[in-house]
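Peer 1: A predicted structure for the sequence below; I have some questions about it.
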Amino acid sequence: MDHPALEARAVTDGTRTLLVVREKAADRPTLLRSLCPARVDGAVYGRVLEECRQWPLQALWIESGPHGLCLSTGLGGVCPLYLAYDGGHLRGSWQLMDLHDRLGAGRLDEREVMRLLTGFPRYGHDTLFSTVKRLSERSTAYADAGGLRLVYPAAAEHAQPSELAGHVGEAELVGAFEALTDHVFAKRPLNPGRMAAQLSGGMDSTNLAISLALAHPGAITPCAMLIGGDAGAQQEARRRAVIEQTGFAADVTVRAADHPALSPGGLRRSQAQAVSPLDEPHLEAADALAQALRTRDIHTVVAGFGGDEVARTRRTAGGPARAPVAPSWCGERVRDLLGEVDTGISPATMAPETALIALEVATPLMARRGLWTVAPFTDPDVVRFGHRLPAVWKKDKYLLHRRLATRGLPEDVVNPVLRENFGHRMNTAVHRHATGLLRGWGTGLHLVEQGFLDPAVLAETVERAALSPADAAPYRTGLYLITAVELALRAL
């Protein structure tokens with residue numbers, strides 16, 4: 001991918017060749033200079049490998065030698081890399097559907113289907129298809145005559161919450177957070193005039209957008225999908241207050257209502273062969289926003305993924321673990337697999353697991369449109385800060401709320417009355433579009449034929465959701481996911 005935020009470099013010692021693709025780092029010396037493999041001796045080659053392992057930003061390196069290929073990733077995870085190996089050939093892509101000839105209804109990974117249908121996704125090497133693997137963060141993949149083998153790293157170590165010194169109060173914590181976000185942004189050679197910051201109005205994205213805009217007054221483009229509905233006016237007013245008080249470039253927005261999910265002319269149905277079931281649920285609106293940003297000549301977008309995890313209190317060792325519950329429409333095959341929800345998953349990740357899963361949903365779409373995503377809440381320094389933060393400052397994102405207050409933003413920005421999300425949009429999408437598709441497919445769904453769904457209960461649920469958007473609300477996530485999977489399988 002030729003992109004201003006990324007660089008590709010190569011080197012060889014005559015026996016092994018190393019190709020590196022990574023984020024550009026500011027003021028970071030490197031032994032790698034060219035995409036054309038430079039010849040070096042074994043000692044320099046070893047130092048280059050160590051440089052890859054110590055790179056402070058996203059990085060992937062591929063080593064080719066007499067015995068096959070070795071792929072490794074450092075922090076990784078912002079944009080997922082999918083791998084398929086067949087007949088001695090290894091292929092990889094940031095887009096799952098690029099590997100379409102290795103996908104199909106007969107190649108579903110049953111544990112991943114169970115996780116998807118129960119709303120309990122886990123992060124690791126497995127994907128929805130048994131024939132494609134994900135190179136998860138800090139993992140290594142080996143491809144040789146014996147096949148493809150992936151190896152997880154050691155579990156990341158995470159600190160427990162700390163006690164604050166007596167002199168540390170709100171001002172000191174807010175100042176520490178602001179200094180930390182400035183530090184994370186400074187790790188990259190930024191081009192502010194070609195950067196956007198997601199500014200949905202939520203605590204996570206708003207705090208990051210403000211930090212970036214304060215460092216580059218008038219240069220950063222704010223962007224958002226506007227939710228409309230009951231909370232729509234509140235979202236727009238809160239965004240205006242932040243933009244006017246902080247100082248951004250001209251705003252870029254799209255109205256989600258103008259690009260409904262699952263609509264007949266939308267991407268998920270009109271270009272189903274290119275759309276993964278894991279892609280952004282509101283793909284149509286998200287793609288319209290991505291195109292609008294590219295029209296503005298934006299190439300990098302700062303996103304708030306990971307703020308939920310950094311702000312929440314971690315479950316203590318020995319505490320009760322969450323367990324998946326199968327919705328009523330799931331078949332016996334799903335119920336039989338519930339005990340395997342944690343089988344084969346990654347050990348503790350450096351970045352929050354939920355953030356990595358969310359990024360896998362959002363970033364492939366962005367990459368297709370030439371946009372690279374920066375997710376500061378997944379940076380190890382920010383993750384460590386969040387883990388050490390005392391619980392009282394994490395609860396309900398208290399620190400993030402107080403940071404906005406110290407910036408003089410009005411109360412309705414700091415503590416909005418109404419909850420802002422896309423739930424009502426998905427209620428309508430499932431009611432208007434998903435139910436018609438599911439009715440038309442009847443019992444011919446691949447997921448029914450393979451025992452993942454109970455056709456009678458599913459049919460009853462579809463009829464309830466067909467009554468109105470409000471009636472669809474309790475089932476919206478499940479019916480959307482079933483529809484998205486079926487659309488993809490039928491396009492393969």
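Peer 2: Cool, got the structure.

Peer 1: use CA for all of it now, contacts and neighbours both
Peer 2: OK.

Peer 1: Contacts made by stretch 147-164 with the rest, please.
Peer 2: 85-86, 88, 125, 135-136, 138-143, 346-350, 384, 387-391 (CA atoms under 8 Å, 6 or more residues apart in numbering).

Peer 1: for that stretch, what is the average pLDDT?
Peer 2: Per-residue pLDDT over stretch 147-164 has a mean of 87.

Peer 1: Extract the CA atoms of that stretch and return them as CSV.
Peer 2: Extracted C-alpha coordinates of stretch 147-164, given in CSV (Å, rounded to 0.1, in the frame of the first residue of the first chain):
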residue,chain,number,x,y,z
GLY,A,147,2.0,-25.7,5.5
LEU,A,148,1.1,-22.6,7.5
ARG,A,149,1.8,-22.4,11.2
LEU,A,150,1.0,-19.4,13.5
VAL,A,151,2.5,-18.8,16.9
TYR,A,152,1.1,-16.6,19.6
PRO,A,153,3.4,-14.3,21.6
ALA,A,154,3.7,-14.4,25.4
ALA,A,155,0.8,-12.7,27.2
ALA,A,156,1.2,-9.0,27.6
GLU,A,157,1.8,-7.8,31.1
HIS,A,158,-0.7,-5.2,32.4
ALA,A,159,-0.4,-3.0,35.5
GLN,A,160,-3.1,-2.9,38.2
PRO,A,161,-4.7,0.4,39.3
SER,A,162,-2.4,2.5,41.5
GLU,A,163,-3.0,4.8,44.4
LEU,A,164,-2.4,8.5,43.7
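
Peer 1: Run a quick neighbour tally on Ala257.
Peer 2: Counted with other CA atoms under 10 Å, residues neighbouring Ala257 total 15.

Peer 1: so it makes contact with Gly228?
Peer 2: Yes. Judged on CA atoms under 8 Å, Ala257 makes contact with Gly228 at a distance of 7.0 Å.

Peer 1: Show the buried residues in the contacts of stretch 147-164.
Peer 2: 85, 125, 135-136, 138-143, 346, 349-350, 384, 387-391 (16 or more other CA atoms under 10 Å).

Peer 1: Keep only those of those residues that are in helices.
Peer 2: Among those, the ones falling in helices (DSSP state H) are 384, 387-388, 391.

Peer 1: Which residue ranges of the stretch 101-250 of the chain form helices?
Peer 2: With DSSP state H, counting those that start in this stretch applied, the stretch 101-250 of the chain shows helices at 110-117, 170-186, 203-215, 232-246, listed in chain order.

Peer 1: residue ranges for the strands of the stretch 351-492 of the chain, please.
Peer 2: Taking DSSP state E, counting those that start in this stretch as the criterion, the stretch 351-492 of the chain carries its strands at 372-374.

Peer 1: quick one: contacts for the residue positioned nearest the centre of the chain?
Peer 2: Note on the chain: the residue nearest the mean C-alpha position is Leu359, at 0.6 Å, using CA atoms, centre = their mean. Leu359 makes contacts with 77-79, 305, as judged by CA under 8 Å, 6+ apart.

Peer 1: and if we set it to 6 Å?
Peer 2: Val78 (CA atoms under 6 Å, 6 or more residues apart in numbering).

Peer 1: repeat for Val40
Peer 2: Asp13 are the contacts of Val40 under CA under 6 Å, 6+ apart.

Peer 1: Over to it: give its phi and psi.
Peer 2: phi -140, psi 170 (degrees, to the nearest 10).

Peer 1: Leu467 versus that one, what's the distance?
Peer 2: 69 Å (CA to CA, to the nearest Å).

Peer 1: One more: Leu60?
Peer 2: Here the criterion is CA to CA. By it, Leu60 lies 49 Å from Leu467.

Peer 1: contacting residues for Gly451?
Peer 2: 331, 333.

Peer 1: Give me the below-cutoff pLDDT ranges for the stretch 201-350 of the chain.
Peer 2: Low-confidence segments of the stretch 201-350 of the chain, defined by pLDDT under 70: 309-321.

Peer 1: can you give me the strands for it?
Peer 2: With DSSP E, counting those that start in this stretch as the criterion, the stretch 201-350 of the chain has strands spanning 221-226, 252-255, 300-302.

Peer 1: Nearest to Gly14 among those strands would be which one?
Peer 2: strand 300-302 (36.4 Å; CA to CA).

Peer 1: Next, the buried residues of the closest one.
Peer 2: Buried, per 16+ other CA under 10 Å, within strand 300-302: 300-302.

Peer 1: so what pLDDT did the residue nearest to the centre of the chain get?
Peer 2: On pLDDT, Leu359 comes in at 92.

Peer 1: And Leu35, by the same measure?
Peer 2: Predicted confidence (pLDDT) for Leu35: 89.

Peer 1: In contact with it: list those residues for me.
Peer 2: Contacts of Leu35 (CA under 6 Å, 6+ apart): 8-10.

Peer 1: Out of those residues, which sit inside strands?
Peer 2: Counting by DSSP state E, the part of these found in strands is 8-10.

Peer 1: you'd agree Leu71 is in a strand?
Peer 2: Yes. Residue state for Leu71 (DSSP: H, G, I helix; E, B strand; the rest coil) corresponds to a strand.

Peer 1: That one - nearest residue in space that isn't next to it in sequence?
Peer 2: In space, and not counting its chain neighbours, Leu71 is closest to Ile62: 4.5 Å by CA to CA, 6 or more residues apart in numbering.

Peer 1: repeat for Leu83
Peer 2: Per CA to CA, 6+ apart, closest to Leu83 is Gly92, 4.4 Å.

Peer 1: go on, Pro121?
Peer 2: Pro121 sits nearest to Arg115 (CA to CA, 6+ apart), 5.0 Å away.

Peer 1: Is the one you found in contact with Arg122, as I believe?
Peer 2: No. Contact between Arg115 and Arg122 fails when scored by CA atoms under 6 Å: they sit 7.2 Å apart.

Peer 1: which residues are contacting stretch 472-482?
Peer 2: Outside stretch 472-482, the residues that reach it (CA under 6 Å, 6+ apart) are 427, 431, 465.

Peer 1: Quick check: the closest residue to the last one other than its chain neighbours vs Gln54, distance?
Peer 2: Once flanking residues are discounted, Ala465 sits nearest to Ala472: 3.8 Å by CA to CA, 6+ apart. In this view, Ala472 and Gln54 are 49 Å apart by CA to CA.

Peer 1: ok, those two, which is more surrounded?
Peer 2: Ala472 (26 against 12).
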